[in-house]
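Trainee: Curious how this folds, go ahead:
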Amino acid sequence: MNIRRSAERGYADHGWLRSFHTFSFANYYDPAHMGFRALRVINEDRVSGGRGFGAHPHRDMEIISYVLEGELAHKDSTGTSAVIRPGEVQRMSSGTGVVHSEFNNSRDELVHFLQIWIVPEKHGIPPSYEQKAFPEAERRGQWRLLASRDGREASITINQDVNLYGRLFQAAEEHSQASPRHSWLHVARGSIEVNGNLLEVGDAASFAPGEDIALRGRDGAEVLLFDLA
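Mentor: Numbers count the residues shown, from 1 in each chain. Modelled structure (predicted):
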C-alpha cells in the first residue's frame with residue numbers, strides 16, 4: 001500500500017477558487033504523481049458563492065463531478081443544463097470536443113466538489129453527458145457502484161474499464177477485501193483506518209492487484225474506491 005497524504009498535494013488559491021491537486025495539474029507539476037493507471041486527475045475544489053468556471057473547452061477525457069457541499073450549475077455546448085447536488089454524480093465525455101461552464105449560483109454558500117478525470121479507452125467519440133443520484137441509504141455501510149463501463153447496477157456509464165464505488169462509514173464499522181485489480185482509495189470526507197494507518201480527508205492510498213484492503217470506519221467517513229485495469 002502506498003499512501004498519498006493530503007498535505008503533499010498541489011495547491012492553488014485563486015481567491016474565488018481553492019483547489020488541491022492529487023496529481024499534476026495546471027501549474028502544479030510532480031513527475032512522481034502524474035496519475036494512476038487511467039485515473040488522471042482528482043481535484044478537490046471549493047468555489048465561492050457567485051463565482052465559477054467560465055466557458056472552456058475539453059476533449060478526449062471522461063470528466064466526473066462529485067459534489068460534497070452546495071450546488072454546482074453545469075452548462076455545455078451540447079445544450080445540456082443541469083445542477084449537481086450532494087449524492088449526485090455527473091459524467092461528461094468530452095470526446096471530439098465540448099465547451100462547458102460550472103458555476104456556484106448561491107451568494108452565501110460555497111460549492112465543495114471533486115473533479116475527476118479519467119483517460120478514455122478510445123479517442124474521438126461523440127460528446128455525451130449523464131447524471132444520476134445515489135441516496136445515502138444506498139452507500140451507507142456498503143459499496144455502491146457509481147460508475148462503470150457497462151452501466152450495470154444502475155451506475156453511470158464511463159468509456160473506460162474502470163469501476164468507481166462510493167461508501168459511507170459508521171463508527172467502528174469494519175470491512176476487508178483483496179484489491180481486485182489496481183485500486184485507488186480516496187477519502188472524500190472524515191477519516192478512516194486503512195491497514196492500520198489513519199487516513200484523513202484528502203488522503204489516498206493505492207493498492208496492487210491482490211493486496212489486502214482492511215478498513216475500519218469512523219462515523220461520517222466518505223470514501224471513493226477506483227478499481228482500474
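
Trainee: Contacts for stretch 10-30, please.
Mentor: Applying C-beta atoms under 8 Å, 6 or more residues apart in numbering, the contact partners of stretch 10-30 are 4, 6, 9, 31, 33-36, 39-48, 51, 53, 186, 202, 204. To be clear about C-beta, it is placed using only N, CA and C from the backbone, and glycine gets the same treatment.

Trainee: Restricted to strands, list these.
Mentor: By the criterion of DSSP state E, membership of the contacts of stretch 10-30 in strands covers 4, 39-47, 53, 186, 204.

Trainee: Could I get the residues you listed in CSV, plus columns for pLDDT and distance to residue 151?
Mentor: Formatted as CSV, the ones in strands among the contacts of stretch 10-30 follow (pLDDT from 0 to 100; distance: C-beta to C-beta, whole Å):
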residue, pLDDT, distance to residue 151
4, 98, 29
39, 98, 19
40, 98, 21
41, 98, 22
42, 98, 22
43, 98, 25
44, 98, 26
45, 98, 26
46, 98, 30
47, 98, 29
53, 96, 27
186, 98, 22
204, 98, 26
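
Trainee: out of the residues you listed, who has the most neighbours?
Mentor: The residue in the ones in strands among the contacts of stretch 10-30 with the most neighbours, by other C-beta atoms under 10 Å, is residue 42 (27 neighbours).

Trainee: I'd say that one and residue 164 touch.
Mentor: No - the criterion here is C-beta atoms under 8 Å, and residue 42 misses it with residue 164 at 11.3 Å.

Trainee: Can you spell out which residues form a bridge with the closest residue to residue 182 other than its chain neighbours?
Mentor: Closest residue in space to residue 182, ignoring its immediate chain neighbours: residue 228 at 4.7 Å, by C-beta to C-beta, 6 or more residues apart in numbering. Assessed by DSSP bridges, residue 228 has beta-bridge partners residue 162, residue 182.

Trainee: check contacts around residue 228.
Mentor: 36, 37, 38, 39, 161, 162, 181, 182, 183, 184.

Trainee: so which strand or helix has the closest residue to residue 77 other than its chain neighbours?
Mentor: Leaving aside its chain neighbours, residue 77 sits nearest to residue 99 (4.2 Å; criterion: C-beta to C-beta, 6+ apart). Using DSSP states H and E, residue 99 sits in strand 98-103.

Trainee: what do you get for residue 180?
Mentor: Secondary structure from DSSP H and E places residue 180 outside every helix and strand.

Trainee: Do I have it right that it meets residue 227?
Mentor: Yes - Residue 180 is within contact range of residue 227, at 5.6 Å (criterion: C-beta under 8 Å).

Trainee: who's more crowded, these two?
Mentor: residue 227 (21 against 14).

Trainee: how much space between the residue nearest to the more buried one when sequence neighbours are not counted and residue 181?
Mentor: In this structure, residue 227 finds its nearest non-sequential neighbour in residue 163, 4.1 Å apart by C-beta to C-beta, 6+ apart. As judged by C-beta to C-beta, to the nearest Å, residue 163 and residue 181 stand 9 Å apart.

Trainee: and the strand holding residue 99, what other elements does it pack with?
Mentor: strand 52-58, strand 72-76 (3 or more C-beta pairs under 8 Å, 6 or more residues apart in numbering; DSSP states H and E).
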